[in-house]
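> give me the fold of what follows.
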Amino acid sequence: MIPPVRRLTAVCLLGAVLTACGTAEAPRAARPGPAGPPTAQSPTAQSPSARPPSPEPSTAVSRPPTLAPGPAGQAPVFAHAPRTRDKAVALTFDADMTADQGARAAAGERFDNPELITALRALKVPATVFMTGRWAEEYPLQARAIGRDPLFEVANHSYSHYAFTDDCYGLPTVARSAMRADVERAYAAFRAAGVPDAMPYFRFPGGCYDGRALRAVSGTGVTAVQWDVVSGDAFATDADAVARQVLEGVKPGSVVVMHCTRSAAPVTERAVRAIVPELRRRGYRFAKVSELIGAADGRR
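The predicted structure follows:
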């Protein structure tokens, strides 16, 4: 979780907080099917003035934009888009659940926030959800609903939510030899839950990384995604204070880190309902992380 201070390296606090988001599944836009083979016609069956049929539109699915690899074989790191006149901002929500916290869920503790997801849908705000694989296993129907809603995109927040560096807000640590496997295991959990197109973006647990961690995950082809605006919603009790912190920090191309959990970030939904109309009044529009990365890489 993010402490309520402006630090660009914090996502989680003491590894004890679980955040998640989900709601009932929304309809998913149908993908166009592949064009069938052309039908042969007899030369006498076609009028001399008949025109050949227009070509079918391409059904090739473009790959999500990523940044070029960093130096020395490291995964690239993205924190915000270029500061241009296009006043786009990405709201991102971390769905954290560590590998050893299943007992709390089994005891009935809930870590989703359907009211927040409902608010984003009602406000028509696209968003990127950074989900742990362990959370997707615990709440597969909710993971599937988010992943199949075209308003949202699911990205990788590790499988275990263990830290990829030492001394990261008290989180347990992933062995260096297991870092890549942890990322890949999360993608496998997404597929098992029915999330068909998880994005090639990875947010380090706690926002903690170093050169070794970037090299360890580079083989998965991900772009590491950080942020430039800390919402301060974790453990907050004042929605207005969270909204003020976001509104004061947002610039064109910003990435805002927030959370969706009923227990540890109880005012996030109310803060979002204040943030969204005010940013729109200021001329901002909302975008997914994929769009901002595309802009940073010169791909719109």
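> tell me where the chain has strands.
Assigned by DSSP state E, the chain shows strands spanning 77-78, 88-95, 127-131, 152-156, 201-202, 223-225, 229-230, 255-259, 285-286.
> could I get these as TSV with mean neighbour count?
C-beta here means a position set from N, CA and C on the backbone, and glycine is covered the same way. Formatted as TSV, the strands of the chain follow (neighbours: other C-beta atoms under 10 Å):
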stretch	mean neighbour count
strand 77-78	18
strand 88-95	26
strand 127-131	28
strand 152-156	25
strand 201-202	26
strand 223-225	26
strand 229-230	24
strand 255-259	27
strand 285-286	16
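> so can I have CSV of those showing distance to E115 and mean pLDDT?
Shown next, in CSV, are these (distance: least, C-beta to C-beta, whole Å; pLDDT from 0 to 100):
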stretch, distance to E115, mean pLDDT
strand 77-78, 29, 98
strand 88-95, 13, 96
strand 127-131, 14, 96
strand 152-156, 15, 98
strand 201-202, 25, 98
strand 223-225, 25, 98
strand 229-230, 22, 98
strand 255-259, 13, 96
strand 285-286, 18, 98
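> so can I have JSON lines of these showing distance to D297?
JSON lines is the format used below for the strands of the chain (distance: least, C-beta to C-beta, whole Å):
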{"stretch": "strand 77-78", "distance to D297": "9"}
{"stretch": "strand 88-95", "distance to D297": "14"}
{"stretch": "strand 127-131", "distance to D297": "16"}
{"stretch": "strand 152-156", "distance to D297": "16"}
{"stretch": "strand 201-202", "distance to D297": "13"}
{"stretch": "strand 223-225", "distance to D297": "9"}
{"stretch": "strand 229-230", "distance to D297": "21"}
{"stretch": "strand 255-259", "distance to D297": "15"}
{"stretch": "strand 285-286", "distance to D297": "19"}
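> of all those strands, which lies closest to A68?
strand 223-225 (9.3 Å; C-beta to C-beta).
> note down every partner strand of the closest one and its orientation.
Strand 223-225 has the following sheet partners, assigned by DSSP bridges: strand 77-78 (parallel), strand 201-202 (parallel).
> so can I have TSV of the ones you listed showing distance to R110?
Listed next are the strands paired with strand 223-225 as TSV, based on distance: least, C-beta to C-beta, whole Å:
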stretch	distance to R110
strand 77-78	32
strand 201-202	26
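> on that earlier part again, out of the strands of the chain, which is closest to S62?
Taking the strands of the chain one by one with C-beta to C-beta, strand 152-156 is closest: 13.9 Å.
> rewinding a little: what about the strands paired with strand 223-225, which gets the closest to T92?
strand 201-202 (9.5 Å).
> G283: which of the strands paired with strand 223-225 is closest?
Comparing the strands paired with strand 223-225 by C-beta to C-beta, strand 77-78 comes nearest, at 23.4 Å.
> who's in contact with the closest one?
Here strand 77-78 makes contact (C-beta atoms under 8 Å, 6 or more residues apart in numbering) with 67, 70, 201, 209, 214, 223-226, 255, 289, 292-293, 296.
> turn those into CSV, columns for distance to N156.
Formatted as CSV, the contacts of strand 77-78 follow (distance: C-beta to C-beta, whole Å):
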residue, distance to N156
L67, 15
G70, 17
Y201, 7
Y209, 13
L214, 14
T223, 10
A224, 10
V225, 9
Q226, 14
V255, 15
V289, 12
L292, 17
I293, 14
A296, 19
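> ok, the residues you listed vs D233, which is closest?
Out of these, the member with the shortest distance to D233 (by C-beta to C-beta) is V255, at 14.6 Å.
> tell me which residues touch the closest residue to that closest one other than its chain neighbours, please.
The shortest distance from V255 to any non-neighbouring residue, by C-beta to C-beta, 6 or more residues apart in numbering, is to W227 (4.3 Å). With contact set as C-beta under 8 Å, 6+ apart, W227 has these partners: 8, 79-80, 92, 207, 254-257.
> in the least confident helix or strand in the chain by mean pLDDT, what counts as buried?
Counting by mean pLDDT, DSSP states H and E, the chain has its least confident helix or strand at helix 102-106, which shows a mean of 88. Neighbour counts using 16 or more other C-beta atoms under 10 Å place 104-105 of helix 102-106 among the buried residues.
> equivalent analysis for stretch 160-176, please.
Going by neighbour count (16+ other C-beta under 10 Å), the buried part of stretch 160-176 is 160-165, 168-169, 171, 174.
> just the terminal-to-terminal distance for that stretch.
14 Å (C-alpha to C-alpha, to the nearest Å).
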